[in-house]
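Mind folding the following:
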Amino acid sequence: FKLVLASSSSVCANLYTVVRNCHRVAGKESVASPWARAIWSLGRTFNHECGQRVKHVLLDIDDAQWMSKVLTRGFVHGQETAFRGNQQVYVAQLQRVRGPKTLNEPVLDIGVVVTGGFGGLAGIYARLFAEKPGLKALVLMGRSGARAVTFDRASKVPTFCCSCDVSSQGEFLQSIWNSTVVVGVNSWQVFHMAGVLADALLRNLSWDDFVKVLRPKVAGLANLSKTITNRVLFSSIASTLGNIGQANYAAANGFLDGFAASACRTVSIGWGAWEAGLYAELPESLRNDAATLKVSEAAILLEECIETQKPLIVAARVDWDSLPRFPMWSHLMKKKEGHGRGKVAAFDGRIVDEAVRKVLGLGADDYVEEDAALRDLGFDSMMSVELRNLLQDRVALELPATLLFDYPSVGKLKALLQERLQPGD
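Just a heads-up that it's a prediction; the model follows:
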């Protein structure tokens, strides 16, 4: 993927990502290693970042004999297709799922373990769990130390805060053993919320960036699975839709999805943006507060997702029409009659200057050199995404994810927008 993105060729190429038995499309097949789903989810982010230079297709086959057939077929960019048997062809599509009309009252009589237990989301859910009748113990695990968590005084649930790196087998086993001995709980349910971010465009991600993000999700799940068989995995919508600048995060959560697809008593929930948690740490220009879940909504959605008894489910508020028109969700988008663009008399280059100053945190009077490379001005990959989003909102044009790679200076950006935004467009 990185080699393709780093190529300076302007020729539109075809790229096929092929895995074997990544999905259970007919409800019977055995699913391959969760790493196949991790690669698949990484490919979804690549779809967003490759711009118009690559036509990328994700293929899931059950037999190598399919290869000679599938490469002669016609595909569209972003298509996801599975081939089974001799003639069966499946195309991936998201489908809406309605939650149950009534929720069963949970019969807990178990202990609950929350990984990432001192983060924003985990702290919120920990308070909700502490109010559940029948809960015998609550164990919060987190790397940041056993920080105090405030609960309602009426709660009688024994609560333990463990300073523990869940990706370390020794630390995790010691923590769960200590909790079991003290409380006398032998049956546990885990809510695996541990996670970190190391966002950057795929071409700029190092393997260390992948390891940092994969470790709490993947190694943590491996350790949990050795002792706890009832698992709720907090995945991300990034693994399902892909997201610019989050290839490593999409892959890590794709692993969770792949694990849930083949495991018993396990559900992986692809959460959309919350008003709390890691999302709240993003720059304002990268957030869309209208498409975020409120804490009260997410608390209800968690129970609904578990009640559906589906191994993979997405819980999110999504503005479909703000996304590229990829086949997997195009049926959820509104039909566009026209561009709906406002008319402009002429392009004003100061729009670019103002956006650059805002991202760099400069004052209104600070000079921005037109011919200087944006990288030399201090731009990193996430700042590049932020600038692209700002410009996209200001000029009402869909701009490629590779914008600052293809047009790496203020002057070149202005020339592009001047060309694209002619009077009357």
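
what comes up buried for stretch 62-70?
62, 66, 70 (16 or more other Cβ atoms under 10 Å). Every C-beta, even on glycine, is put in place using the N, C-alpha and C of the backbone.

wait, I meant stretch 123-135
Buried residues in stretch 123-135 (16+ other Cβ under 10 Å): 123, 124, 125, 126, 127, 129, 130, 135.

So the last one lies in a helix, does it not?
No: Residue 135 sits outside any helix when classified using DSSP: H, G, I helix; E, B strand; the rest coil, being coil.

Might you report the residue contacts of it?
108, 110, 111, 112, 129, 157 (Cβ atoms under 8 Å, 6 or more residues apart in numbering).

which one of the buried residues of stretch 62-70 is nearest residue 252?
Comparing those against residue 252 with Cβ to Cβ picks out residue 62 as the nearest, at 25.8 Å.

mind checking pLDDT for the closest one?
We have a pLDDT of 85 for residue 62.

and if you look at residue 170?
The model's pLDDT for residue 170 equals 85.

Next: the one 10 residues further on.
Each residue has a pLDDT score; the one for residue 180 is 67.

Find the residue closest to residue 377 in space, skipping its chain neighbours.
Nearest residue to residue 377 in three dimensions, chain neighbours excluded: residue 360, at 6.5 Å (Cβ to Cβ, 6 or more residues apart in numbering).

What distance do you get for that neighbour to residue 386?
Distance of residue 360 to residue 386, computed by Cβ to Cβ, to the nearest Å: 10 Å.

out of those two, which sits in the busier spot?
residue 386 (21 against 15; other Cβ atoms under 10 Å).

any low-confidence regions in the stretch 201-350 of the chain?
Residues of the stretch 201-350 of the chain meeting the criterion pLDDT under 70: 276-290, 334-347.

Next, count neighbours for the residue nearest to residue 331 when sequence neighbours are not counted.
Leaving aside its sequence neighbours, residue 331 sits nearest to residue 93 (Cβ to Cβ, 6+ apart; 6.4 Å). Residue 93 has 12 neighbours, counted by other Cβ under 10 Å.

Next up, the contacts around the residue most central in space within the chain.
Centroid-nearest residue in the chain, with Cα atoms, centre = their mean: residue 238, separated by 2.0 Å. By Cβ under 8 Å, 6+ apart, the contact list for residue 238 reads 41, 45, 246, 249, 250, 253, 270.

Can you identify each of the strands in the protein by residue range?
13-20, 54-61, 80-84, 88-91, 111-115, 137-142, 159-163, 188-192, 230-236, 266-271, 312-315 (DSSP state E).

And for the second one, what's in contact with it?
It refers to strand 54-61. 4, 12-23, 25, 40, 43-44, 46-47, 50, 67, 70, 75-83.

now the angle from it to strand 13-20?
Between strand 54-61 and strand 13-20, the angle comes out at 20 degrees (axes from the mean of the first three to the mean of the last three Cα atoms, to 10 degrees).

i'd like the first residue to be 2 from this point on
OK, 2 is where the count begins now, so the last one is strand 55-62.

Would you mind putting the CA coordinates of strand 55-62 into CSV?
The C-alpha trace of strand 55-62 is given here as CSV (Å, rounded to 0.1, in the frame of the first residue of the first chain):
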residue,chain,number,x,y,z
VAL,A,55,-5.5,3.8,-8.0
LYS,A,56,-8.6,1.6,-8.6
HIS,A,57,-8.5,-0.6,-5.5
VAL,A,58,-10.6,-3.7,-5.1
LEU,A,59,-10.8,-6.0,-2.1
LEU,A,60,-11.3,-9.7,-3.0
ASP,A,61,-12.1,-12.6,-0.6
ILE,A,62,-11.7,-16.1,-2.2
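
partner strands of it, parallel or antiparallel?
In the sheet, strand 55-62 lines up against strand 14-21 (parallel), strand 81-85 (parallel) (DSSP bridges).

can you check the fourth one too?
Paired neighbours of strand 89-92 in the sheet (DSSP bridges): strand 81-85 (antiparallel).

what does the fifth one give?
According to DSSP bridges, strand 112-116 has the following sheet partners: strand 138-143 (parallel), strand 189-193 (parallel).

May I see the buried residues of the longest one?
Under the neighbour-count criterion of 16+ other Cβ under 10 Å, strand 138-143 has 138, 139, 140, 141, 142, 143 buried.

Adding pLDDT, write these out as a markdown table.
Below are the buried residues of strand 138-143 laid out as a markdown table (pLDDT from 0 to 100):
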| residue | pLDDT |
| --- | --- |
| 138 | 84 |
| 139 | 86 |
| 140 | 86 |
| 141 | 87 |
| 142 | 88 |
| 143 | 87 |
